[in-house]
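Peer 1: need a 3D model of the sequence below.
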Amino acid sequence: LHVFIPFNFLTVAKNLHDTSEPTSYEEASTSANSTTWHLAMESEMNSIRKNQTWDLVELPKNQRDVLCKWVYRLKEPPNSDTPKIKARLVAKGFRQEYGVDFDEIFSLVVKMTTLCFMLNVMATENLELIQLDVKTTLLHGDLEEKIYMEQSKGFVVFIQEHLVDRLKKSLYSL
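Peer 2: Numbers count the residues shown, from 1 in each chain. Take a look at the predicted model:
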């Protein structure tokens, strides 16, 4: 059972200026700022649950699950002395095998020609450009393929440790 804990990460982040980013779940869990990193992971898991990114299921016979990893970042926003704390759950999609786990590989990145076209239209029409960051943009892409992933460290469901996540939506690095 996971409970959402409302928390202001910026308050705790003031103490993180001299801290390096953990490279693993184990390192984040044993660091002096383990509570802060865990709250960032909890926030990520709440977003994943809210977007109904996966279902917990038995791994079918003759199927393999992909591994996952926590990635941690301290981001320095412009005009701020307080770093933003990020924890992202990423799939280790490189374990997929052609003809077994996937049919296509694609990336949700805009093509340069599309960007140039949009900037040209904006300049021609004298439009204003506004940039924004969508926190969970990759978690909204529906998957047609059947992809299974191990449960993430720190968030394995009690008494259901043998189950895996059947991804319904895209996850980072998939």
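Peer 1: for the rest of this, base every contact and every neighbour count on C-alpha atoms.
Peer 2: Fine.
Peer 1: what average pLDDT does the longest helix seen in the chain get?
Peer 2: In the chain, assigned by DSSP state H, the helix with the most residues is helix 34-50. Throughout helix 34-50, pLDDT has a mean value of 91.
Peer 1: now for that helix, which elements pack on it?
Peer 2: Here helix 34-50 touches helix 9-13, helix 25-30, strand 84-91, going by 3 or more CA pairs under 8 Å, 6 or more residues apart in numbering; DSSP states H and E.
Peer 1: for stretch 81-97, buried residues please.
Peer 2: Neighbour-count burial for stretch 81-97 flags 82-93, 96 (criterion: 16 or more other CA atoms under 10 Å).
Peer 1: for the residues you listed, which one is nearest Glu150?
Peer 2: Using CA to CA, Ala91 is the member of the buried residues of stretch 81-97 that lies nearest Glu150, at 9.1 Å.
Peer 1: gap between that closest one and Gln151?
Peer 2: Distance, Ala91 to Gln151, by CA to CA, to the nearest Å: 11 Å.
Peer 1: swap in Ala87?
Peer 2: Separation of Ala87 from Gln151 (CA to CA) stands at 16 Å.
Peer 1: kindly state the beta-bridge partners for Val66.
Peer 2: Met149 (DSSP bridges).
Peer 1: what about it, neighbour count?
Peer 2: Neighbourhood size, Val66 [other CA atoms under 10 Å]: 20.
Peer 1: and it, what pLDDT?
Peer 2: Reported pLDDT for Val66: 88.
Peer 1: going forward, the N-terminal residue is numbered 141.
Peer 2: Happy to do that; since the first residue is 141 now, the last one works out to Val206.
Peer 1: next, the closest residue to Pro217 other than its chain neighbours: phi, psi?
Peer 2: Distance criterion CA to CA, 6 or more residues apart in numbering; nearest residue to Pro217, sequence neighbours excluded, is Pro223 at 6.5 Å. Here is the backbone geometry of Pro223 (degrees, to the nearest 10): phi -70, psi 150.
Peer 1: wait, doesn't Pro223 sit right on Glu161?
Peer 2: No - between Pro223 and Glu161 there is no contact under CA atoms under 8 Å: 11.6 Å.
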